[in-house]
Structure formats: structure tokens, C-alpha cells
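In: Everything below, folded, please.
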Amino acid sequence: MVDSDRIGTSNYFWAFPSKASNIRKRKIDDLEEQLKESEKKRVATEKKIKQASVGREDSDSRTELLEQLAVKESLNAKLQADLDKYRECDPEVLEEVKTQTVMAKEAVNRWTDNIFSIKSWCKKKFYMEEKVIDKQFGIPEDFDYID
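Out: Numbering: from 1, shown residues only. You can find the predicted model right below:
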């Protein structure tokens, strides 16, 4: 570890032999502290595992209860799948679809109105016929508001 400093127009370099050993000692101390913390966490986790495993020993009644749980969970999943099949007929879902349809229709009519406004502006500004504007911008002949 070489240190340097600029004093006036000169550059000075120096090294202390104890600096490298102090850095290593500090690094070792930090690593030992991390090791102690990790060991404490490991011991605490093992203690929690032992506490959680109390009452979960393998027995006939526990096995039977776990089997019943698995059967009921599969039944629940099946019933949920059946419910999802009929979700599109749910009145709440149908009402939401209706509101989204109305909102979409309003948005389409708003954009249609904007296009008609631009066409009107182009007719007045550039003295163009409506058919020429429709052809230039690819607007179909049956373009109109949605009712």
C-alpha cells in the first residue's frame, strides 16, 4: 500500500509496513463478525424448525387429515374451474362489459368527430373536395358515427 501526496510541485510517495497488516486484520475481524452473525441466524432457524415440527410427527391421524385436505383442495379447484366457466354469465361481469361497450362507442364517436373536424379544416384551408381528402387519407366512403 503506497500513499502519495502532492506538496508544492513535488509528488511524495511513502508506505508504512503496518498499514497492509492493519487492513488485513480489519478485514478478518469483519469476516469473523459476519460468521458469528450467520451462526446465530442458523441456530435461531434450527430452533424455529424444531418448534414448528412439534405436533407434526408422522402418525395415522395426521396422514389421514392430510389426505382429506388434499381431496378437499382438489374438489375446491374443480369447483373453482366450474365457477370460472360460468363467470361470463355473471350479472356483474355483463354489466361491466356493457359499460365498457358504451365507453368504447363514445370513444369511437369522439375520434370520428375529430376526423370530420380535420376534414372540414382541410376543405377550408386548402380548398379541397371531400372525395379528394377521403382518397388521400384512406377514409372509406361509409365512414360515419356509430349508433
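In: only C-alpha atoms for contact and neighbour calcs from this point on.
Out: Fine.
In: okay, and for this protein, where does confidence drop off?
Out: Applying pLDDT under 70 to the chain flags no residue at all.
In: mind listing the strands for it?
Out: 3-7, 10-14 (DSSP state E).
In: The ones you listed: which one's closest to Asp144?
Out: Closest to Asp144 of those is strand 3-7 (Cα to Cα; 80.3 Å).
In: Go ahead and name everything in contact with that closest one.
Out: Applying Cα atoms under 8 Å, 6 or more residues apart in numbering, the contact partners of strand 3-7 are Asn11, Tyr12, Phe13, Trp14, Ala15.
In: 6 Å instead, please
Out: Strand 3-7 has contacts (Cα atoms under 6 Å, 6 or more residues apart in numbering) with Asn11, Tyr12, Phe13, Trp14.
In: Enumerate every residue touching the second one.
Out: In this case it means Tyr12. Neighbours of Tyr12 in contact, by Cα under 6 Å, 6+ apart: Ser4, Asp5.
In: one more time with 7 Å
Out: Applying Cα atoms under 7 Å, 6 or more residues apart in numbering to Tyr12 gives the contacts Ser4, Asp5, Arg6.
In: again, but for the third one
Out: Neighbour list for Phe13: Val2, Asp3, Ser4, Asp5 [criterion: Cα under 7 Å, 6+ apart].
In: quick one on the thing from earlier: JSON lines for the strands of the chain, including distance to Asp113?
Out: Shown next, in JSON lines, are the strands of the chain (distance: least, Cα to Cα, whole Å):
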{"stretch": "strand 3-7", "distance to Asp113": "74"}
{"stretch": "strand 10-14", "distance to Asp113": "77"}
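In: hang on, Val2 packs against Pro17?
Out: No: if you go by Cα atoms under 7 Å, Val2 and Pro17 don't touch, sitting 9.6 Å apart.
In: Out of the strands of the chain, flag the one nearest Tyr127.
Out: Between Tyr127 and the strands of the chain, the tightest spacing by Cα to Cα is seen for strand 3-7, at 77.7 Å.
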